[in-house]
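> no sequence on this one, just coordinates:
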């Protein structure tokens, strides 16, 4: 079997490159499509986001358990599902951005519910096997950190394309244009398909558990192991909280720059800064993790992001350029978490195997993805509800002063508080520091070889 190398890294990069062509488009612009094109009430959109993401969370769990019951085939256990399900996923994604003029508000809301929920369900069928695959591509903790970094680079490349080109394509004279949303969805959908095919062709699954020797997954043993898995519990709490922030920032930034600063095109610069921060940090992540550890590095990074966002709130009279300069510093901290986050998941999968003797990659990844979806539900609901609460009215050319002040608060103070909450969880509650992570890898290797090494 071919050794792990650059081809696998590029292949894994392409997977999230494809995933995030639509995920980032939805994150950044679906809410404004609903409010400014379909003219749906922001509170109704928030309700849709909550319902859809909660549904997706349980769809993730069901699909993860399903994947774990499948036997490994000649092309692997996870890779074939990425290829099979990518086509219906992309088709549904394009349909989300179809606007039929002259219909009732009830029709638009129903159409939004159906297309968004179906897209989210199909997203699970691709994303769960894709995320689970990292833990069977290599057993080496440093190589897994590399996969996490390359995955995030793929995500940020998609974010760069979406966030930089999106505002230019989607808005004319600071107004959303329906036909341009459909055109963008179609273009990004075709690019996503090409990326999924590249991911399938370039990656290799190397860790294959003997199906006849391994114990069959049992719900009781799985649940018992999950309850005892403290790294999983506290990382889920941190990840859910971080995802709330990521989604909230993405949703509110559109209104912050379009209405508060009066320039939607500045979102292109924001997108460039956000992706650029990850690219700046990516070459150093593997060495930094090797020297300091994942937990230690992430703790410092989210603290920096939180303090910068707090400064942005306390300085409400910054112009758009000054705001973006400080925002860039926060994104450096946020980018570190994004680059390392997937390596945490592989460590947690290993810890579950050590506790239970069960290799349940799909289930553990699905639980993690479920937490992210719940975070998305909370953020989507909170973001839309907050925009509605501050009095946003899509029919007004210029929002009231009170509304603009509220948008600034939602876009700065709330993210600051959430970043600080993530810092507390990772620093004081998550138990796998560098020393314990290295020992886990050695203990698990000994256990697989039958040496019976103690934890």
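Sure, I can see it. Values in this document were obtained by computation on a predicted structure and should not be read as measured data.
> would you mind measuring from residue 7 to residue 140?
Distance of residue 7 to residue 140, given as CB to CB, to the nearest Å: 16 Å. From N, CA and C alone the C-beta is placed, and that goes for glycine too.
> typed the wrong thing, it's residue 58
Counting by CB to CB, the gap from residue 58 to residue 140 is 33 Å.
> residue 363 now?
Going from residue 363 to residue 140 by CB to CB gives 23 Å.
> compare residue 58 and residue 140 (neighbour count), which wins?
Taking other CB atoms under 10 Å, residue 58 and residue 140 do not tie; residue 58 has more neighbours (15 against 12).
> what pLDDT does the closest residue to that one other than its chain neighbours get?
Nearest non-adjacent residue to residue 58, counting by CB to CB, 6 or more residues apart in numbering: residue 370, 7.2 Å away. Note on residue 370: pLDDT of 76.
> residue 378 now?
With respect to pLDDT, residue 378 has a value of 69.
> ditto for residue 217
Here the pLDDT value assigned to residue 217 is 55.
> pLDDT below threshold where in the stretch 201-350 of the chain?
Along the stretch 201-350 of the chain, the model assigns pLDDT under 70 to residues 209-221.
> do a quick rundown of the helices in it.
Along the stretch 201-350 of the chain, counting by DSSP state H, counting those that start in this stretch, helices occupy 219-228, 230-255, 266-292, 294-314, 320-356.
> what is the second one packed up against?
Identification of packing neighbours for helix 230-255 by 3 or more CB pairs under 8 Å, 6 or more residues apart in numbering; DSSP states H and E yields helix 31-32, helix 266-292, helix 320-356, helix 361-389, helix 401-428.
> what's the spacing between that helix and its chain's center?
Centroid separation for helix 230-255 versus its chain: 9 Å, with CA atoms, centre = their mean, to the nearest Å.
> again, but for the shortest one
Computed by CA atoms, centre = their mean, the separation of helix 219-228 from the middle of its chain amounts to 26 Å.
> same check on the fourth one?
The chain centroid and the centroid of helix 294-314 are separated by 19 Å under CA atoms, centre = their mean.
> buried ones in that helix, by neighbour count?
Neighbour-count burial for helix 294-314 flags 294-310, 312-313 (criterion: 16 or more other CB atoms under 10 Å).
> and residue 298, how far is that from residue 326?
Relative to residue 326, and taking CB to CB, residue 298 is found at 21 Å.
> on that earlier part again, and the helices and strands packed on helix 230-255 as a markdown table, adding mean neighbour count and distance to residue 68?
Listed next are the helices and strands packed on helix 230-255 as a markdown table, based on neighbours: other CB atoms under 10 Å; distance: least, CB to CB, whole Å:
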| stretch | mean neighbour count | distance to residue 68 |
| --- | --- | --- |
| helix 31-32 | 23 | 34 |
| helix 266-292 | 19 | 28 |
| helix 320-356 | 22 | 11 |
| helix 361-389 | 24 | 4 |
| helix 401-428 | 20 | 27 |
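> out of those helices, flag the one nearest residue 434.
Minimum separation from residue 434 across the helices and strands packed on helix 230-255 (CB to CB) falls at helix 266-292, 6.7 Å.
> who are the packing partners of the closest one?
Under the contact definition 3+ CB pairs under 8 Å, 6+ apart, helix 266-292 sits against helix 141-170, helix 230-255, helix 294-314, helix 320-356.
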